[in-house]
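Predicted coordinates and the sequence they were generated for:
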Amino acid sequence: MQKVCRIALAISLSLGLSANAVAFEKIHTPEELPVLIPESQHAIATKRVTARFSRAHYKKIAIDNALSAEIFDRFIKQLDYARNVFLASDIESFQQYRNEFDTVLTRGKLEAPYAIYNINMQRRLERYEYAINLLDTNEGKNPFDFTKKDVYLFDREDEPWAKSEAELNELWRLKVKFDVLNLTLTKKEWPKVKEILTKRYNYAIKRLKQSESEDAFQLVMNSFSRVVEPHTSYLSPRNAERFQVDMNLSLEGIGAELRSEEDYTVIQRVITGGPADKSNQLKSKDRIVGVAQDKEEFEDVIGWRLDDVVELIKGPKGTKVRLQILSGDSDDEANIKVVSIVRDIIKLEDRAAKSEVYLQNPEMENSKKLGVITIPSFYNNLSTDVKKEIASLKEAGVEGIIVDLRGNGGGSLPESSLLTGLFIDKGPVVQIRDGANRIEVQGDRDGISYFDGPLTVMVDRYSASASEIFSAAIQDYGRGVIIGEHTFGKGTVQQHRGLGRVYDLYEKPLGSIQYTIAKFYRINGGSTQHRGVLPDIAFPTAIDPEDWGESKEENALPWDQIQRAKYTPLNDLSKDVEYLTARYQERIKTNPEFNYLLEDISVYQAEKDDKTISLNLVDRQTEREESKAKRLIRVNKQLALLGKEKITDLDDLTDELDEVDPFLDEAARITFDFIELGKVAKK
């Protein structure tokens, strides 16, 4: 091992990376870091990934210097997204490898990216050592002055790399000050703040020491994959195993998909029907900052690797885990809440479609009724489940149906056609073009419409893929009205394939890949790629479609169009949409929930380009109190509308407001207006 470490240090010196002496006491030595080298299976895995992408990917790629440079840039970006680890001199030294990544791909020679990865680990070690030393620079007292008007720049993606050690140290001084201030705002005294942060930074160092060769390999392969196309990826053996778990529709734990974002473990999605969903306390973008087993002490998991956080959260059915949650809307650690969840076996079938009856006037005995069918994903046998829900709603006497696809990221491509077929007699639904330019038209042929009454479809910016196929078909046929936000804009089809062969003799598996094999198109010939589905009636949104979804993904396939399929629209709803839109716009002028939304949008638009946060204690406390006061006023107004008593503290707020869904309520009003127009599906 010592010999390997000396080789790594020699690489460091040859790259000219030791010119800047570290101006603080070394707590750990570089020799304590693992020196990662490619494993025997990685060369063949690289060649197989490259061969598969070159021959079978929808996007034609050339393995040349231009591609090499793109992979190099992506690799560096993934290693130092915030540009606060490498020095400018490091980046300059790495340029010698800029045109060598094509050799990495074709020959499986991974020495160059591994050398860069090892230097990145060394630099990260130095940064965390500096952070720990900062906490000890004032003889046991808090070394930071929070009366100054310092600001912390939390988004440095487009900033230049530091030119000197001193400049890099200043970036980290502000980062550590930011961490200290957040804990100070939670009313923790300095000794406790120091203890928490020292533990946090030391754990980051521990994570570095636990780095494995597969970590570096996955980063290299995904740099290649994402340069090809954003929905193309390499899955390490561990991630490939998780993919198979998902495909088998069985998960064990709390029922939340997690991702790593900077130093945080972030909730990507709460799985419908799982323990996290049933708790009604977790939502997308929430950050998990601490984990405890039942009544044990919390472990601070900020800075932990995602795999380790997942291992803490997972556990046998019936056991309890407690999470410390920091809202995705706040960087103020004073707002941390504790959520207790009992683990369970999550069957992804639990994400099945469900329906409910919506009453126009609940107080009236003979109120008009709507059916609301909520579809969280396009799983196998979705159409069979929805057929049952439609039958149940018709028996209940509903006059129209809302299909709610908000947050539905897609799934089974065939199910999108089958679902559409429940609302039309027959006809094409989607066109699919493969890499050889062959076009297949999928549609409904049974000649049966299971519901021919007024139909509306709710979508948002998270509605993607199969959700967009269904929405687009309903829109192109004039079968119903699409309501909500501009959808995500994913118009591609992926295939999953393992890299292993039956004759392989490698000790470790090779992992797998997911890559794009086709694009799908609307029956009118246009692609949903980039453009998504534009709703007929748009709800207010803070996000510009150009700043969200597929259009913001690097290397995404372009929008294009093919020949229109042979179909006959069922209705021309253009005049009806004008009428419904006018009624809707008049209503929301006096709708308090929509006015709150417009206020929030205004604040977001004013602040979205500010990438800094104050490090002044009084300023942050003032902002926090003003925000709480404003929130309290709004909450009490909302409670008054529900006939509930006012509260004096936000901590007293129960879950009454969680059931308020102004978007569904307004979609229902639009649908009742639509019913009055008497539009039905034509045969």
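Received it, and whenever you're ready, just let me know what you need. Numbers count the residues shown, from 1 in each chain.

Roughly how far does the residue positioned nearest the centre of the chain sit from R287?
The residue lying closest to the centre of the chain (C-alpha atoms, centre = their mean) is Q268, at 4.6 Å. For Q268, the distance to R287 equals 11 Å [C-beta to C-beta, to the nearest Å]. In short, each C-beta sits where N, CA and C put it, glycine included.

what do you get for A51?
40 Å.

How about S213?
29 Å.

Between those two, which has more neighbouring residues?
A count of neighbours by other C-beta atoms under 10 Å puts R287 above the other of S213 and R287, at 23 against 19.

for the stretch 1-150 of the chain, which spans come out with low pLDDT?
When the per-residue scores of the stretch 1-150 of the chain are filtered using pLDDT under 70, the ranges that remain are 1-31.

Could you check the strand or helix carrying the residue nearest to the centre of the chain and say which residues are buried?
With elements taken from DSSP states H and E, the one containing Q268 is strand 264-270. If you call a residue buried by 16 or more other C-beta atoms under 10 Å, then strand 264-270 has these buried ones: 264-267, 269-270.

For these, give me a markdown table that also has pLDDT and distance to I513.
Formatted as a markdown table, these follow (pLDDT from 0 to 100; distance: C-beta to C-beta, whole Å):
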| residue | pLDDT | distance to I513 |
| --- | --- | --- |
| Y264 | 85 | 28 |
| T265 | 89 | 25 |
| V266 | 90 | 25 |
| I267 | 90 | 26 |
| R269 | 81 | 23 |
| V270 | 83 | 28 |
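
Could you dump the residues you listed into CSV with distance to K394 added?
Converted to CSV, those look like this (distance: C-beta to C-beta, whole Å):
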residue, distance to K394
Y264, 47
T265, 45
V266, 41
I267, 37
R269, 32
V270, 31
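
by contact count, what packs against the longest strand along the chain?
The strand of greatest length in the chain, counted in residues with DSSP state E as the criterion, is given as strand 512-521. Strand 512-521 makes packing contacts with helix 40-56, helix 213-228, strand 233-235, helix 237-247, strand 427-434, strand 492-498 when contacts are defined by 3 or more C-beta pairs under 8 Å, 6 or more residues apart in numbering; DSSP states H and E.

What pairs with whichever helix or strand comes after it, parallel or antiparallel?
On the C-terminal side of strand 512-521, the nearest following helix or strand under DSSP H and E is strand 537-538. Each strand that strand 537-538 pairs with, and the sense of that pairing, follows from DSSP bridges: strand 481-484 (parallel).

Now tell me what touches the strand it pairs with from outside.
Where contact means C-beta atoms under 8 Å, 6 or more residues apart in numbering, the residues beyond strand 481-484 that reach it are 406, 455-460, 463, 471, 474-475, 533-539, 573, 576-577, 580, 663, 667, 670-671, 674.

Of those, which count as buried by neighbour count?
Neighbour counting with 16+ other C-beta under 10 Å marks 406, 455-460, 463, 471, 474-475, 533, 535-537, 539, 573, 576-577, 580, 663, 667, 670-671, 674 as buried within the contacts of strand 481-484.

related to what we said a few turns ago, which ones among the contacts of strand 481-484 map onto strands?
Helix and strand membership here follows DSSP E; of the contacts of strand 481-484, those in strands are 455-459, 537-538.

List just the nearest of those residues to H231.
V459 (19.7 Å; C-beta to C-beta).

which residue packs closest to the closest one, ignoring adjacent ones?
Spatial nearest neighbour of V459, excluding adjacent residues (C-beta to C-beta, 6 or more residues apart in numbering): G484 at 4.3 Å.

do G453 as well
Leaving aside its sequence neighbours, G453 is closest to G400 (5.5 Å, by C-beta to C-beta, 6+ apart).

who's that neighbour bridged to?
Here G400 shows beta-bridge partners L370, assigned using DSSP bridges.

Neighbours of it, how many?
26.

pLDDT score assigned to it?
For G400, the pLDDT comes out at 96.

please renumber so the chain begins at 9
Yes, from this point I'll number from 9; that puts the last item at G408.

From N579, how far off is it?
14 Å.

pLDDT-wise, which helix or strand of this structure ranks last?
Here the helix or strand of the chain ranked lowest by mean pLDDT, DSSP states H and E is helix 10-22, holding a mean of 37.

give me every residue that touches the nearest residue to V350 once chain neighbours are set aside.
Setting aside the residues directly before and after it, V350 is nearest to K328 in space (C-beta to C-beta, 6+ apart), at 5.3 Å. By C-beta under 8 Å, 6+ apart, the contact set of K328 is 301-302, 348-351.

Show me which of these are buried.
Using 16+ other C-beta under 10 Å, the buried members of the contacts of K328 are 349, 351.

And the contacts of K328, which is closest to L266?
Sorting those by distance to L266 puts I349 at the head of the list, at 13.5 Å, by C-beta to C-beta.

pretty sure the closest one is in a strand, no?
Yes: in this structure, I349 lies within a strand as judged by DSSP: H, G, I helix; E, B strand; the rest coil.

Near V437, how many residues? Count them for me, please.
By other C-beta under 10 Å, the residues close to V437 number 29.
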